[in-house]
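In: okay, here's the prediction I keep looking at, along with the sequence it came from:
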Amino acid sequence: MSIATDSPMATRRSSDLSKHSAEVFAEAVDHPVMVTRRDGEALVLMSKREAEGRSRLLNFAAQLITVTLDDNGSLAERMSKAFPWMLALSPADRVTCAQDLIDAARASFSTDQPHLAIAELTSWKETATAVAAGLGSVDVGWLDDGEPVERP
């Protein structure tokens, strides 16, 4: 899957895998590597983390497409149907969350960087989980008069 066609991909010959395997594997940990073969179609070598990130991004894209096809309600309401954990957020936060997720997805798709959307999705989901657990309603005790505090 290459959403951004402008992103360069390292290319190695299949013979490099036998002659310089450690070097090719180290390169594949950082970014996908296209391995060309004389007798067949080129292959792509990538880390499991990279492959899982791309898979999660495709799953997220499928959910966003479902949201866009629904024409009942606001974006935040439609997103809350696809991502029920958003219901733990305040109505204003749902609107912000929906827009942040769309923006992060667009950035991920256009730069071929799955982690941008996945990090935003994870961050908002963890926030909703914390709010649902009551962690957002704790009164914070602040120090008086801005006096310096001793180091522990």
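Out: Structure's in. What do you need? Owing to the predicted nature of the structure, the values given are computational and were not obtained by experimental measurement.
In: quick one: list the elements packing against the helix or strand bottoming out on mean pLDDT in the chain.
Out: In the chain, the helix or strand scored least confidently by mean pLDDT, DSSP states H and E is helix 14-19, which has a mean of 87. Secondary-structure packing of helix 14-19 (3 or more C-beta pairs under 8 Å, 6 or more residues apart in numbering; DSSP states H and E): helix 21-30, strand 33-37. Where C-beta positions appear, they are placed from N, C-alpha and C, glycine not excepted.
In: please identify the helix or strand for the most centrally placed residue in the chain.
Out: Geometric centre of the chain, nearest residue: Ile118, 1.6 Å, by C-alpha atoms, centre = their mean. Using DSSP states H and E, Ile118 sits in helix 114-132.
In: I'd like the average pLDDT over that helix.
Out: Over the span of helix 114-132, the pLDDT mean works out to 94.
In: give me the phi and psi for Phe83.
Out: Dihedral angles of Phe83 (phi, psi; degrees, to the nearest 10) stand at phi -130, psi 80.
In: that one: how many residues sit nearby?
Out: When neighbours are defined as other C-beta atoms under 10 Å, Phe83 has 21 of them.
In: ok, and what's touching the strand or helix carrying Phe109?
Out: Applying DSSP H and E as the criterion places Phe109 in helix 91-111. With contact meaning C-beta atoms under 8 Å, 6 or more residues apart in numbering, helix 91-111 is reached by 3-4, 7, 57, 60-61, 64, 74-77, 79-80, 86-87, 89, 113-121, 124, 127-128.
In: report the distance from it to the chain centre.
Out: Here the centre of mass of C-alpha atoms in helix 91-111, compared against the chain's by C-alpha atoms, centre = their mean, to the nearest Å, lies 11 Å away.
In: repeat that for stretch 93-112.
Out: 10 Å.
In: what residues sit buried inside that stretch?
Out: Within stretch 93-112, the residues that count as buried by 16 or more other C-beta atoms under 10 Å are 93-95, 97-98, 101-102, 104-105, 108-109, 112.
In: ok, now stretch 69-88?
Out: For stretch 69-88, the buried set under the neighbour-count rule, 16+ other C-beta under 10 Å, comprises 75-80, 82-83, 85-86, 88.
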